[in-house]
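Asks: got a structure for you, letters missing:
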């Protein structure tokens, strides 16, 4: 069993930056693919980024590829999402996710409760 707790969301102006954190409890953190999804008001949840520790792999939603960076610290059981040059369309609840076979379309075994990011224009 893995529990995920997000933090770091908030209100930011367009062009600003935020860093989301996701603290994981449970065993075998390093074996999971860790990722972030988001859900904007009135829209379906969408994949944002995911990261595998070994062998190394990161994958991003095209619209965030040059602005967001996913990273992880296995010693701290924490995964991060650093977001730069935020845009109003990035406004959403961001969810941390863990899965053994996570893809852009699913494969999530565990979800966090989410943290709200609001980007004002």
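Replies: Ah, there it is. As the structure is a computational prediction, the values presented were derived from the model and not from experiment.
Asks: CA atoms for contacts and neighbours, from now on please.
Replies: Fine.
Asks: for the residue nearest the centre of the chain, which non-adjacent residue is spatially closest?
Replies: With distances taken as Cα atoms, centre = their mean, the residue of the chain nearest its centroid is residue 36 (2.3 Å). Taking Cα to Cα, 6 or more residues apart in numbering as the measure, residue 36 lies nearest to residue 96, with 4.7 Å between them; neighbours along the chain are not counted.
Asks: and the strands in this protein?
Replies: Applying DSSP state E to the chain gives strands spanning 3-7, 10-13, 18-25, 33-39, 46-52, 57-60, 68-73, 78-83, 92-99, 110-111, 115-120.
Asks: need those in a markdown table with mean pLDDT, can you?
Replies: Putting the strands of the chain into a markdown table (pLDDT from 0 to 100) gives the following:
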| stretch | mean pLDDT |
| --- | --- |
| strand 3-7 | 96 |
| strand 10-13 | 98 |
| strand 18-25 | 96 |
| strand 33-39 | 97 |
| strand 46-52 | 96 |
| strand 57-60 | 96 |
| strand 68-73 | 95 |
| strand 78-83 | 97 |
| strand 92-99 | 97 |
| strand 110-111 | 96 |
| strand 115-120 | 98 |
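Asks: ok so, going back, thinking the residue nearest to the centre of the chain is in contact with residue 94, fair?
Replies: Yes. Applying Cα atoms under 8 Å, one finds residue 36 in contact with residue 94, separated by 6.7 Å.
Asks: any idea how far residue 82 lies from residue 26?
Replies: Applying Cα to Cα, to the nearest Å, the value for residue 82 to residue 26 is 24 Å.
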